[in-house]
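> Okay, predicted coordinates and the sequence, questions at the end:
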Amino acid sequence: MESRVFYVMAVVTVVIAVEFGFGEMSALNLSWHSKSLDSQVALRCGAYPTCSHQTNALAFRGSESMGHSLKFPFGNSSAKTRLRNHIRPPLRVVCMDYPRPDLDNTVNFLEAALLSSSFRSSPRPAKPLNVVIAGAGLAGLSTAKYLADAGHKPILLEARDVLGGKVAAWKDDDGDWYETGLHIFFGAYPNVQNLFGELGINDRLQWKEHSMIFAMPNKPGEFSRFDFPEVLPAPLNGILAILKNNEMLTWPEKVKFAIGLLPAIVGGQAYVEAQDGLSVQEWMRKQGVPDRVTTEVFIAMSKALNFINPDELSMQCILIALNRFLQEKHGSKMAFLDGNPPERLCMPIVDHIQSRGGEVKLNSRIKKIELNDDGTVKSFLLNTGDVIEGDVYVFATPVDILKLLLPDNWKEIPYFKKLEKLVGVPVINVHIWFDRKLKNTYDHLLFSRSPLLSVYADMSLTCKEYYDPNKSMLELVFAPAEEWISRSDSEIIDATMGELAKLFPDEISADQSKAKIVKYHVVKTPRSVYKTVPDCEPCRPLQRSPIEGFYLAGDYTKQKYLASMEGAVLSGKLCAQAIIQDYEFLVARGQGSLTEATIICFSHRSVKFNNFFLDIDFEFMKQRKGMSLNLLLIKI
């Protein structure tokens, strides 16, 4: 409570200071204006050879049709060859990005590091489990990585010929990459940041200046910035960034919004969770926040978070994001990956898994989950006719794919029945190569504030591998996409160009009389991350299912982050943790008996055993067939 009171006092103090003229802070040498694009490129990019040195470590959007509604075909190399003999040519350009922020001492980072270390330090299993995992997105890769760290043998199956799931990418005939989504790595992603460090690839994140940059629809070609001063701690740096921006919100609107947020600040996590039943628009109106605040700020934020508008998005999602971004000094600081995600992020995870005896198989689409007579999983039947058996089974696919493959006699189990409300949201990712270098852009993520577009970036500036000093490649998220997902690529490109003409009035016109399109790719995802509408939070499942030996991973499963890369990675760690906690039970079920059981009290949900605290899912344990209700923990 004292920290919350301090937070409220800090808000009031900064509001007063800025309102009465003390907010310039010139003595602190803070800059609220960006350098010109030409000076940024001159200072931060140069033709230098690169190499990827390992560093010390503690440290979206898959569907059936993805990659098929494209203007250009896949490259010629086979998936098997790419996986086994992946080629990583040296990057030709080094962009002088901002230094990696000091993340390693934050509470969330240390908590994530502790969870990671628990896998490496756990006792080596006498009989390693063969764990069959469906889906080689970040959730499946994370599950496999941490199980391999604990001494088990993951067998990772991916339906397509490319790694990454919702972060997949493909190379066209010209050697250019096109991606499933525009992926941003935040400072508030502690498990992702730990993962990069554990793999020794921290240098592959290109950190940008600590700003959020919004287009101004009423002033075509102009931008409004929220600059977070480095000299202030959180949350003061975020508060001041908001207060110093006078282009998007008026002072009365800021004050009303601040007053509306006070219950969330004072009420903490309990209040945040209670807002799941309201949409962003409903919550704003209930709190007396003017509709213009929603229009100016939260349409862009809603589309960036979940590809939908504020009248659909749960307010809990916004409050969680604000909490994550504001509680840490560098929480909202952004980084781009220095190249394509399959090679620069996913392949290092695969290398790690394989070095510890795990397997990764592409082109392994699951046709059916085959069951034993008692309803447990017997095997995964692939489209090829191959049968894959293991000791444990994990589904790390998008929730929509899981629902399609659920066995009929599982569908009425409450754990699975609740999944009906979790539905993937459609999204479209657009890439356009132009015949010239666009000037009205930044080496950063940009919020378009367009009715058709969410966020975009000039990847020829932001990404080393995609760098081009003479031509721009814009990557744009087209959202909401529900009304557009079935339309032709040419229609989507025409609509995108119409919106770009407003963002670049001096450089782009819808009829291409100015900048001309060299080529484009359109990647459609009919079902991406789950649609975070009100009242769907209770439907998110735990990673441990009521079916013996069957587990789930994915950003839609229960974890404290949103439907994001961080949520996917954390879900994989929690899935691996549940399997390791159940190790003795899983081994024993294969032998037909349980051994070394420990009886514990029903009144405790967290049990200390052998110096580890284990969280017990009582509903799961009650549904275990043939088990006494008193038998809640198997000794490990």
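Nice, thanks for sending it over.

> Once you drop chain neighbours, what's closest to Asp391?
Distances taken as C-beta to C-beta, 6 or more residues apart in numbering place Leu129 nearest to Asp391, at 4.5 Å, with adjacent residues excluded. No exception for glycine: its C-beta is placed from N, CA and C like everyone else's.

> and the one you found, how many neighbours?
23 (other C-beta atoms under 10 Å).

> Identify the residues contacting it.
Neighbour list for Leu129: Leu147, His152, Lys153, Gly390, Asp391, Val392, Ile579, Tyr583, Leu586, Val587 [criterion: C-beta atoms under 8 Å, 6 or more residues apart in numbering].

> Likewise for Ser211?
So Ser211 contacts Ser34, Arg225, Phe226, Asp227, Phe228, His444 (C-beta under 8 Å, 6+ apart).

> Who are the contact partners of Glu499?
Per C-beta under 8 Å, 6+ apart, neighbours of Glu499: Ser448, Ser450, Pro451, Leu452, Leu453.

> and the gap between it and Phe416?
41 Å (C-beta to C-beta, to the nearest Å).

> One more: Ser302?
The gap separating Ser302 from Phe416 is 29 Å, by C-beta to C-beta.

> For the two, indicate the residue with more neighbours.
Ser302 (29 against 19).

> Name the surrounding residues that touch whatever helix or strand that one lives in.
Here Ser302 sits within helix 299-306, counting by DSSP states H and E. For helix 299-306, contacts defined as C-beta under 8 Å, 6+ apart pick out 214, 280, 308-310, 312-313, 317-318, 321, 425, 447-449, 454-455, 477, 479-480, 529, 531-532, 562-563.

> how far is that helix from where the chain is centred?
Helix 299-306 sits 14 Å away from the centroid of its parent chain (C-alpha atoms, centre = their mean, to the nearest Å).

> Please apply the same query to stretch 101-117.
Taking C-alpha atoms, centre = their mean, one finds stretch 101-117 lying 18 Å from the centre of the chain it belongs to.

> residues of it that come out buried?
By neighbour count with 16 or more other C-beta atoms under 10 Å, stretch 101-117 contains the buried residues Pro101, Leu103, Asp104, Thr106, Asn108, Phe109, Ala112, Ala113, Leu115, Ser116.

> Then stretch 540-559?
540-557, 559.

> now do the same end-to-end measure for that stretch.
Using C-alpha to C-alpha, to the nearest Å, one end of stretch 540-559 lies 9 Å from the other.

> which residues in the stretch 301-450 of the chain form helices?
315-326, 341, 347-355, 399-405, 414-417 (DSSP state H, counting those that start in this stretch).

> Pull out the CA atoms of the last one and give them to me as CSV.
The one in question is helix 414-417. The C-alpha coordinates for helix 414-417 follow below in CSV (Å, rounded to 0.1, in the frame of the first residue of the first chain):
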residue,chain,number,x,y,z
PRO,A,414,-14.8,-28.8,-18.8
TYR,A,415,-11.1,-28.1,-19.2
PHE,A,416,-11.4,-28.5,-23.0
LYS,A,417,-15.0,-27.3,-23.4
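
> what's the average pLDDT for that helix?
For helix 414-417, the mean per-residue pLDDT is 98.

> What mean pLDDT does stretch 477-493 get?
97.

> quick one: low-confidence parts of this structure?
1-96, 590, 592-636 (pLDDT under 70).

> Show me which helix runs longest in it.
As assigned by DSSP state H, the longest helix anywhere in the chain is helix 251-274.

> So which bits of that helix are buried?
Glu253, Lys254, Lys256, Phe257, Ala258, Gly260, Leu261, Ala264, Ile265, Val272.

> who touches the fourth one in this structure?
Yep, that's Phe257 we're talking about. Taking C-beta under 8 Å, 6+ apart, we find Phe257 in contact with Leu249, Val289, Pro290, Val293.

> farthest pair in those residues?
Among these, the pair separated by the greatest distance (C-beta to C-beta) is Leu249 and Val289, at 10.4 Å.

> Most neighbours among the contacts of Ser211, which one?
Neighbour counts for these (other C-beta under 10 Å) peak at Phe228, which has 25 neighbours.

> Next, work out how far apart that one and Lys519 are.
Distance, Phe228 to Lys519, using C-beta to C-beta: 37 Å.

> Just the closest of the buried residues of helix 251-274 to Asn245, please.
For these, the minimum distance to Asn245 (C-beta to C-beta) is 9.0 Å, reached by Lys254.

> Glu209 touches Pro101, doesn't it?
No - in this structure, Glu209 is not within contact of Pro101 by C-beta atoms under 8 Å, at 11.1 Å.

> So what's the residue count around Asn383?
Applying other C-beta under 10 Å, we find 12 other residues in the vicinity of Asn383.
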